[in-house]
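>>> got a predicted structure plus its sequence, pasted below:
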Amino acid sequence: MTRRGCWTHGGLCRRLPADGGDAELELSAVRHQPEGLEQLLAQTKFTKKELQSLYRGFKNECPSGLVDEETFKLIYSQFFPQGASPALAFLPLADASTYAHFLFDAFDADRNGALCFQDFAVGLSVLLRGTVHQKLKWAFNLYDINKDGYITKEEMLEIMKSIYDMMGRYTHPTLRDSAPAEHVELFFQKMDRNGDGVVTFEEFLETCQKDEDIMSSMRIFENVI
């Protein structure tokens, strides 16, 4: 697959050295990471060695130091090329683009339309090493598409449909077309404790913490790096 070029953010993005030089010096000096290595060490739960390794991978994917949404979708689609199972590789490509759009928005903390290494490292640190509260806050932010502090049925349905497009068509048995809407109804029956039609973070947090399946899923990727 040919990767398209990264967004240059108004022409301000300068190329990093391609000779594999010292990752610490590059990480501290990169234009789009004003916090530098020391502050990223303070902001995340990664070690210096882990940050350097992550940065090398990030730089390889986008030497400009920024990842726009289109490039993010291309990278993410490599993780879900044929839906949920490698055994289904003969099937047509699954569509991960919509879910990747929502995921991109969740990583893009300052909502400027591009991910720098800081956005990536901080978000990944929460997902892999964060507390339960931090992970659930990140998940809530993913579902809260318009970032108004509430999850609506419409927002949840958009997310569920995107997950279905990415994986559901190739699961066995095949999910019904009504599966996303049914999932949303079950979600709101559990989460919308006061019945006002929206889910607040407090409702989301309280319900998730009482659900062992959700809590188990939060531990799946711990220490994966």
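Nice, I can see it.

>>> C-alpha from now on. contacts and neighbour counts both.
OK.

>>> quick one: buried residues of the helix or strand hosting Lys135?
Using DSSP states H and E, Lys135 maps to helix 132-143. Neighbour-count burial for helix 132-143 flags 132, 135-143 (criterion: 16 or more other Cα atoms under 10 Å).

>>> and these, which two are furthest apart?
Val132 and Tyr143 (16.7 Å; Cα to Cα).

>>> any idea which helix or strand comes after the helix or strand of the chain with the lowest mean pLDDT?
One helix or strand of the chain scores below all others by mean pLDDT, DSSP states H and E: helix 23-29, with a mean of 50. Per DSSP H and E, helix 23-29 leads on to helix 36-43 as the next helix or strand towards the C-terminus.

>>> can you dump the C-alpha atoms of that following helix in CSV for me?
Presented in CSV, the C-alpha positions along helix 36-43 are these (Å, rounded to 0.1, in the frame of the first residue of the first chain):
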residue,chain,number,x,y,z
GLY,A,36,9.9,17.5,24.9
LEU,A,37,11.0,14.2,26.4
GLU,A,38,11.1,15.3,30.1
GLN,A,39,7.6,16.6,30.1
LEU,A,40,6.3,13.6,28.2
LEU,A,41,7.9,11.4,30.9
ALA,A,42,5.9,13.4,33.4
GLN,A,43,2.7,13.3,31.4
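
>>> just checking, what packs against that helix?
Packing contacts for helix 36-43, counted by 3 or more Cα pairs under 8 Å, 6 or more residues apart in numbering; DSSP states H and E, involve helix 23-29, helix 48-61, helix 117-129.

>>> nice, that's everything, thank you.
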